[in-house]
Each structure stands twice: as structure tokens, then as C-alpha cells.
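sequence-free structure coming up:
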């Protein structure tokens, strides 16, 4: 079994049981070992009192990208530390894309960077996540 096919199987299994990512309307664009690209459209019910996307929306998209990228190796991984910087406001109708890239991987720890851009290719948020890699394997 190729690593990419394992990555896709793991992410499909995760996504199929992930009601929150489904509610966000996340679309999987690309999945490979250690990497993931997701896209979604910001809806009115995701806006805060300023009529811009609640910070939790970009955070949640990035967190899903982190989860999928870090589990794509076939081992269960859980986040232990994350942070986000919001660099530009996001509005209703914006299509945002999160690209998760693996920066470092050891037997126990993985570090990932997630860049979120809008439909104009403008960076709207930068996210960093650290995961703990459990010894458990995904059954796919």
C-alpha cells in the first residue's frame, strides 16, 4: 500500500466521523503523508458582531488541517500545543484554504505549520501546531 493511499484512507475515516469539520463545510483538496490542504467558504452563521469571521473559524480550519496531516502517517496523533495569528479579516463569502506542512517529525512529536489564505491568495492566518504521536495505528 502506498503512503499516499494510506494517508487518504486515514483522513477519509477521520473526516467521516468528524461532524464539526463537516458542519464547517470543509472540502479536502489534497492529502499526502505529512501534508494536507483544505478549503471552505465562510457563511453568515460564522460571523461575529463585527460582521467578520469569528477567529474560531480560521482556527478550526487550521486545526482540522493539522489533525489530518499529522495522522496521515497511519499513527494516531493528538495536538498538545497550538497557536494562531490572524493577519487579515475574513468576511462572509470568502473562500479560505489551509495548507498544512510538516516541519519536524520524530517517533513521539510532530510539528506543523498551517497557512490560511483567502481566494485572493492573501494570507489571513498563520497557525503552528505540535502533536503527540501515540503508538496506536489507524485501522483502515
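That came through fine. Just so it is clear, the model here is predicted, and its values are computed rather than measured.

Sort out which residues of the lowest-mean-pLDDT helix or strand in the chain are buried, please.
One helix or strand of the chain scores below all others by mean pLDDT, DSSP states H and E: helix 3-16, with a mean of 89. By neighbour count on 16 or more other CB atoms under 10 Å, the buried set for helix 3-16 is 6, 7, 8, 9, 10, 11, 14, 15. Yep, even glycine has a C-beta here, placed from its N, CA and C like the rest.

Please report the distance of the third one from residue 66.
Think residue 8. Distance, residue 8 to residue 66, by CB to CB, to the nearest Å: 17 Å.

And for residue 19, the neighbour number?
Residue 19: 8 surrounding residues under other CB atoms under 10 Å.

Let me know the secondary structure of residue 49.
coil (DSSP: H, G, I helix; E, B strand; the rest coil).

Which residues are in contact with the closest residue to residue 41 other than its chain neighbours?
Using CB to CB, 6 or more residues apart in numbering and skipping residues adjacent in sequence, the residue nearest residue 41 is residue 95, 5.2 Å away. By CB atoms under 8 Å, 6 or more residues apart in numbering, the contact list for residue 95 reads 39, 40, 41, 42, 118, 119.

mind checking pLDDT for residue 95?
For residue 95, the model assigns a pLDDT of 98.

Can you give me the neighbour number for residue 81?
Using other CB under 10 Å: residue 81 sits among 10 other residues.

Who are the packing partners of the top helix by length along the chain?
Longest helix in the chain, counting residues (DSSP state H): helix 55-71. In terms of contacts (3 or more CB pairs under 8 Å, 6 or more residues apart in numbering; DSSP states H and E), helix 55-71 is packed against helix 3-16, helix 19-24, strand 27-32, strand 35-41, strand 75-86, strand 95-105, strand 109-117, strand 123-137.

got the angle between the fourth one and helix 3-16?
I take that to be strand 35-41. 40 degrees (axes from the mean of the first three to the mean of the last three CA atoms, to 10 degrees).

Adjacent strands (with direction) for strand 35-41?
The strands that strand 35-41 pairs with in its sheet are strand 27-32 (antiparallel), strand 95-105 (antiparallel) (by DSSP bridges).
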